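Participant: The following block contains a protein sequence and its predicted model.
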Amino acid sequence: MISGPRDCGAGQYGHMLAILSPMSTHSIVEAKNRLSELIDRALKGEHVVITRHGRAVVELKAVVEPVHPVSPADLDWLAERRVGRASVAENAGDLLTRLRDEQER
């Protein structure tokens with residue numbers, strides 16, 4: 001079955017992914033008998049829709065693993081790889097004054 005765009009949690013390009021992803025629809029009775037298989041299919045990225053009386057009522061989709069908070073180890077890793085700042089030979093105010101004065105000459 002071809003369907004219109006669906007929100008699949010992919011931000012502004014979700015509509016494109018929904019068109020490219022396979023989709024299947026199943027009645028509640030069928031879903032009850034094949035729930036384990038349908039869950040596996042949803043985990044693989046397929047859009048699995050469950051219908052009641054021919055109308056879509058539920059969509060099975062994988063739960064996205066939450067992002068973990070930044071740990072001290074993460075900060076240490078970043079500190080080790082940080083590129084140092086270039087030293088500033090002249091502050092911005094002095095630089096602008098010098099450039100202005102050069103143009104007036």
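Facilitator: Nice, I can see it. Numbers count the residues shown, from 1 in each chain.
Participant: could you pull out the strands for this structure?
Facilitator: Here the chain has its strands, by DSSP state E, at 23-27, 47-52, 55-60.
Participant: Dump the ones you listed to TSV, plus mean pLDDT and distance to Ile39.
Facilitator: From N, CA and C alone the C-beta is placed, and that goes for glycine too. Shown next, in TSV, are the strands of the chain (pLDDT from 0 to 100; distance: least, C-beta to C-beta, whole Å):
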stretch	mean pLDDT	distance to Ile39
strand 23-27	91	12
strand 47-52	94	8
strand 55-60	94	7
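Participant: Quickly compare the ones you listed and say which is most buried.
Facilitator: Ranked by mean neighbour count under mean count of other C-beta atoms under 10 Å, the strands of the chain are led by strand 47-52, which reaches a mean of 18.
Participant: Tell me what angle that strand forms with strand 23-27.
Facilitator: For strand 47-52 against strand 23-27, the angle by axes from the mean of the first three to the mean of the last three C-alpha atoms, to 10 degrees is 20 degrees.
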